[in-house]
Structures are given as structure tokens and as C-alpha cells.
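Q: coords please:
(one chain, ligands or ions: 1)
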Amino acid sequence: RPVIDQDWPQPDATLRNAADTARKIAAAVRGLNGIVTDVLSFARLERGRLEFDMVDVPIDETLAAAGAHIEPQLLSRGLHYEYHGGDPACTCRADRDKLRQIVLNLLSNAMKFSPPDGSVTLDWSTTDEAVQIHVRDTGRGIPADKLDLIFEPFVQLDTSFSARLEGTGLGLAISRELARAMGGDLTVDSEPGRGSTFTLVLPVAQ
Ligand code: ADP
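A: Below is the predicted model:
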């Protein structure tokens, strides 16, 4: 009966809907997983329970790999991504996983707060004592009077429902604590409407 044929979803459509629902569930689980990980790391950090495995970390290789990990997501959001590498022999003193965690947090923020067609750049330079790692975006930027605030735990400048769903406001607080615990720091420069540059400083390996 043609009427029923039209009213009932075709098998193809049903499968497509199921695949779509599965993708949405997977994305929600990834989101929740990120929130749980953030809250647990923050709690451990606050209680001094986090251990650091400080070694000489090859900067170029580590940053290239972190960028390559997130590049598909950046590109799928219509962003341009560039990594500017440097001397492969340069090393810094850090916990490799924590360095990677900070850089991924900065890159994913650059992605979240940039409109499609924007650019995200990862580059680095060294002085005698320190390595400066820059994550630059051409996104919406941060007002001057909020530049300190964003490093406070649970602070999110955009309080819309969808923005809150995408994070906890803990990422930068954790990243700065991790950087400081490794003898470095995390700072920001920004111009509203033009973009932001986050700079992670770490000691060079002696
Ligand atoms: P979350 O990303 O979970 O919201 P963060 O601690 O990483 O938490 O960031 C805190 C807030 O700082 C964000 O909610 C946003 O308002 C602001 N912010 C962080 N990175 C950027 C960026 N690259 N551009 C503009 N605003 C940013």
C-alpha cells in the first residue's frame, strides 16, 4: 500500500538516522570524557598529587605530532592550520605528556573560539634559558580586562548553553598550573576581534 510506504521510513533512511545518532552519542561521550578528565586532573593538581616525569623532550617532534593529532578536526571546521618547525635537535625540560596536554588544550581552544576560515598557527623559538611555544589564532580574541580572569578555574567568558557544553572552564587553569609546576609559565596576548596568542614558556634542557 503506497500510503504506508511513504509514511514509514525507508531502510536506508533508518540506517542513516541510526548512524547519525551513534555519531552524536560518540561526540557527547567524548565531551563528557573530556570534562571528567579535566575535573580529575584539576583535583589532583590542587592536592599536589600529580607526578611529573621530567625529561629532555625533543620540541620539534613533540609539537609536530600534537599538531598532526588535532589537524583533522581543525580542517573539518574550515580552519587553516600551520606548524612552523625548528631545529630537531632542540630539547626542553618537561614531562612530555603534560607538554602535549597543554599544547592540545591551546589548539582546541584556538579551534573553539575561531570562526570558519580563520587560521591557527603553532610555532616556537628558543633563547639561552627558555623555549617559547606560541599558539596563535585569528579568532574572536579576549577583552583586555578579562585576560587574567580566563586562567581562573571554571571561568568561561561565553556563558551560552552551547559554549558551556563544550568545556569546563578548567583547561587554562590546569595548563597554567602544569606549566608553572614544570618551571615555566603560560601567558596570553590578545586583541578582541583579531585573535589571540598563547605563549607557553618552558626551561631549555641543560
Ligand atoms: P573552556 O575551553 O573549557 O571554556 P578554558 O579554561 O580552556 O575553558 O578557557 C576559559 C575561557 O577563556 C573560555 O571559555 C573562553 O571564554 C576563553 N578563551 C580561551 N581560549 C581562547 C581563545 N583562543 N580565544 C578566545 N577566547 C578564549
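Q: which one is whichever residue of the chain sits closest to the ligand nearest to, not counting chain neighbours?
A: Nearest residue of the chain to the ligand: Gly167, at 2.1 Å (Cβ to the nearest ligand atom). C-beta: built from backbone N, CA, C; applies to glycine. Closest residue to Gly167 apart from its sequence neighbours, by Cβ to Cβ, 6 or more residues apart in numbering: Gln156 at 6.7 Å.
Q: got it, and Asp38?
A: Leu170 is the one closest to Asp38 (Cβ to Cβ, 6+ apart), at 4.3 Å.
Q: which parts of the chain sit against the ligand?
A: 109-110, 113, 137, 139-140, 142, 150, 155-158, 167-173, 196 (Cβ under 6 Å from any ligand atom).
Q: ok, back up a step: checking my notes, the residue nearest to Gly167 in a helix, right?
A: No. Read with DSSP: H, G, I helix; E, B strand; the rest coil, Gln156 is coil and lies in no helix.
Q: and it, how far is that from Leu172?
A: Separation of Gln156 from Leu172 (Cβ to Cβ, to the nearest Å) stands at 10 Å.
Q: of those two, who's got more company?
A: The neighbour comparison of Gln156 against Leu172 (other Cβ atoms under 10 Å) goes to Leu172, with 22 against 15.
Q: so that one, which state does it fall into?
A: helix.
Q: what sits against it?
A: Asn105, Asn109, Ile150, Phe151, Leu186 (Cβ atoms under 8 Å, 6 or more residues apart in numbering).
Q: after the one helix or strand Ala43 maps to, next one along is what?
A: Take DSSP states H and E as the rule and Ala43 turns out to sit in helix 11-46. Per DSSP H and E, the first helix or strand lying C-terminal to helix 11-46 is strand 54-58.
Q: with the contacts of Leu172 in mind, which one is nearest to Ile133?
A: Of all the contacts of Leu172, Ile133 sits closest to Leu186, with 9.5 Å by Cβ to Cβ.
Q: number of nearby residues for the closest one?
A: Neighbours of Leu186 using other Cβ under 10 Å come to 22.
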